[in-house]
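A.B. asks: I need the structure of the sequence given here:
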Amino acid sequence: MEKITPKNYFQHKEFLSYHDIKNFQKCEFLYSEDKAGKVERVDRSYFLYGHAFDSLLTGDFSHNFVVGRDPKKSLEQLRTARLKAEESRKKYEGRTDKRSQEALAKSIVAIQESEAKEMALEDQTDKEAITDTVYAHVEASVQALDRQTLMSAFPRSAATNQQIITTKIAGKAVKGMLDYFHRENSIIADYKTTAQMKTFDPATYIGQLTWYRMLVREKFGIDCDCYLIVVDKETYTKHAKFVQISKETMDDHEQILLDAVERIKSAEAIGLYEPAAFENIHGCFNCDHYGNCPHTVQTEFEVI
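C.D. replies: Model (predicted):
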């Protein structure tokens, strides 16, 4: 089996993730369509900042991002220019007059230069482009976090970043990708960015950290302390915050996740997935995850 990496993590649908559980709780039909590969994962622009922040913290920034021009667009422009140069070469090949020979030489040089630049860009086309301004903004967030004395409790050099864990829970193959995992200190942490610290609700992430804790306990026999490490996106004054999710809180939430796993197993066994009820505001009536769903009740009609 292909090794699971951060880049192909979401492609390995044979494992159940916390993202899958959230989909199932929202709408069973959405879960089944996503598992079948029918729901395209759209990395919305507002995720870019958080992804860049995570990558800069974990040391993977250069693997995921390019600062400056989008390599995909640059590659397209180079290929267009090379095609024009090749047309020019064909036009002037065989001609003996001085002007044609000069034009032919220029087109050959242009083709060679374009090919060299294309080769240099080929390895960067899977990276995301980020502007100098946004990069400086993200870097300032990391610096704001590093200024916090509490960060000494989370030494990055001694931890595993983006740790992927696969195991079995209730007989089901499951997975998780942890931003920060310090095995010796029994610590799990997830990095979060938020528009404003005053609007950040840590309760939103209880399920996610509970899931990670369950995976680590099942895989390594370790009961971890779990934290959220949060930085806001304020332009001038950035704030950092550390939130610990108590084990008691996660113990209470664990049964919810186990029940969800059992419900997923039952649905998969009979092949029946119910669409979300009309009354469920997080389901059919307000689904922004699967716009082409045949069960949607969204309309363009408006009364004012």
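A.B. asks: residues contacting G50?
C.D. replies: Applying Cβ atoms under 8 Å, 6 or more residues apart in numbering to G50 gives the contacts 191-193. Using the backbone N, CA and C atoms, a C-beta is placed for each residue, glycine as well.
A.B. asks: can you rerun that using 6 Å?
C.D. replies: T193 (Cβ atoms under 6 Å, 6 or more residues apart in numbering).
A.B. asks: name the helix or strand for it, please.
C.D. replies: Using DSSP states H and E, G50 sits in helix 48-58.
A.B. asks: just after that helix, pick out the following helix or strand.
C.D. replies: Assignment by DSSP H and E places the next element after helix 48-58 at helix 61-64.
A.B. asks: what residues are up against the residue positioned nearest the centre of the chain?
C.D. replies: Within the chain, the residue whose C-alpha comes closest to the C-alpha centroid is H51; the distance, by Cα atoms, centre = their mean, is 6.3 Å. For H51, the contact set (Cβ under 6 Å, 6+ apart) is empty.
A.B. asks: so what pLDDT did the closest residue to W211 other than its chain neighbours get?
C.D. replies: Closest residue to W211 apart from its sequence neighbours, by Cβ to Cβ, 6 or more residues apart in numbering: Y18 at 4.3 Å. pLDDT, Y18: 96.
A.B. asks: how much space between Y18 and F154?
C.D. replies: 21 Å (Cβ to Cβ, to the nearest Å).
A.B. asks: where along the stretch 51-200 of the chain do the helices fall?
C.D. replies: Taking DSSP state H, counting those that start in this stretch as the criterion, the stretch 51-200 of the chain carries its helices at 61-64, 71-92, 98-122, 132-146.
A.B. asks: thinking again about what came up before, burial count for the residue nearest to W211?
C.D. replies: By other Cβ atoms under 10 Å, 22 other residues sit near Y18.
A.B. asks: any idea how many residues pack against V142?
C.D. replies: Neighbourhood size, V142 [other Cβ under 10 Å]: 19.
A.B. asks: give the rounded mean pLDDT of stretch 92-110.
C.D. replies: Averaged across stretch 92-110, pLDDT comes to 86.
A.B. asks: also stretch 138-150?
C.D. replies: Stretch 138-150 comes out at a mean pLDDT of 86.
A.B. asks: please convert the helices of the stretch 51-200 of the chain to JSON lines, extending it with distance to V230.
C.D. replies: Below are the helices of the stretch 51-200 of the chain laid out as JSON lines (distance: least, Cβ to Cβ, whole Å):
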{"stretch": "helix 61-64", "distance to V230": "19"}
{"stretch": "helix 71-92", "distance to V230": "31"}
{"stretch": "helix 98-122", "distance to V230": "36"}
{"stretch": "helix 132-146", "distance to V230": "9"}
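A.B. asks: quick one, which of these is nearest to K38?
C.D. replies: Nearest to K38 among the helices of the stretch 51-200 of the chain is helix 71-92; the distance by Cβ to Cβ comes to 24.9 Å.
A.B. asks: list the buried residues for stretch 174-183?
C.D. replies: 174-182 (16 or more other Cβ atoms under 10 Å).
A.B. asks: check stretch 2-11 too.
C.D. replies: 4, 6, 9.
A.B. asks: let's see the pLDDT reported for K247.
C.D. replies: In this model, K247 carries a pLDDT of 96.
A.B. asks: may I have the phi/psi pair for it?
C.D. replies: As for K247, its main-chain torsions (degrees, to the nearest 10) stand at phi -70, psi -30.
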